[in-house]
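In: Fold the following and give me the result.
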Amino acid sequence: MFPKKPEVEASSPARCRTCAVVGNSINLKNSHYGPLIDFQDYVIRINKGLTKGYEEDVGTRTTHHVMYPVSAVDLENTTSLVLFAFKIRDLEWIMKALNTGISYKERPLKANTDLVSILLNAFVKNLLSQKVIV
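Out: Alright, predicted model coming up:
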């Protein structure tokens, strides 16, 4: 169910990666940031941020979608799902939602099972305590 280590291009001084992390703030309304957001190499969306009807302000592309079980939304086949798991039930949820369709919404979660990543809260906390992430 979970993918192998993804193919990643080697970094080089000639090529820096860019990203946009997009939430669902009212501050984006009438911002006209859509084209700028879509221009980035990676577009990371969080929770239930809408794009339909707001394309001019928030863009249309999504490469990664960060969510929790209660904020689950269906994803395009090319979008990577990033689940922040805080408890065992979150892990149980993702297994059921993608395999049997049992979820908070009582229907299958639409997501490409080859593009699922799980971040455990304890792992992130450990990285932060070691000052690995700035």
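
In: can you give me the helices for the protein?
Out: For the chain, applying DSSP state H gives helices covering 34-39, 55-58, 88-99, 121-129.

In: Can you say which of the ones you listed is packed in most?
Out: helix 55-58 (a mean of 18; mean count of other Cβ atoms under 10 Å). Using the backbone N, CA and C atoms, a C-beta is placed for each residue, glycine as well.

In: quick revisit: could I get the helices of the chain as TSV with distance to residue 10 and mean pLDDT?
Out: Compiled in TSV, the helices of the chain are given as follows (distance: least, Cβ to Cβ, whole Å; pLDDT from 0 to 100):
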stretch	distance to residue 10	mean pLDDT
helix 34-39	22	96
helix 55-58	31	96
helix 88-99	31	82
helix 121-129	23	72
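
In: In CSV, list these along with distance to residue 71.
Out: As requested, those are exported to CSV (distance: least, Cβ to Cβ, whole Å):
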stretch, distance to residue 71
helix 34-39, 20
helix 55-58, 16
helix 88-99, 12
helix 121-129, 15
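
In: Relative to residue 49, tell me which of those helices wins on proximity.
Out: helix 55-58 (6.8 Å; Cβ to Cβ).

In: Just the residues contacting that closest one, thanks.
Out: 22, 28, 29, 30, 31, 32, 33, 34, 37, 49, 50, 51 (Cβ atoms under 8 Å, 6 or more residues apart in numbering).

In: quick one: low-confidence parts of the protein?
Out: Applying pLDDT under 70 to the chain picks out residues 1-9, 11, 13, 15, 100-108, 131-134.

In: Can you check which of the helices of the chain gets nearest to residue 75?
Out: Closest to residue 75 of those, according to Cβ to Cβ: helix 88-99, at 10.8 Å.

In: The closest one - contacts with which helices or strands?
Out: strand 80-85, strand 116-120 (3 or more Cβ pairs under 8 Å, 6 or more residues apart in numbering; DSSP states H and E).
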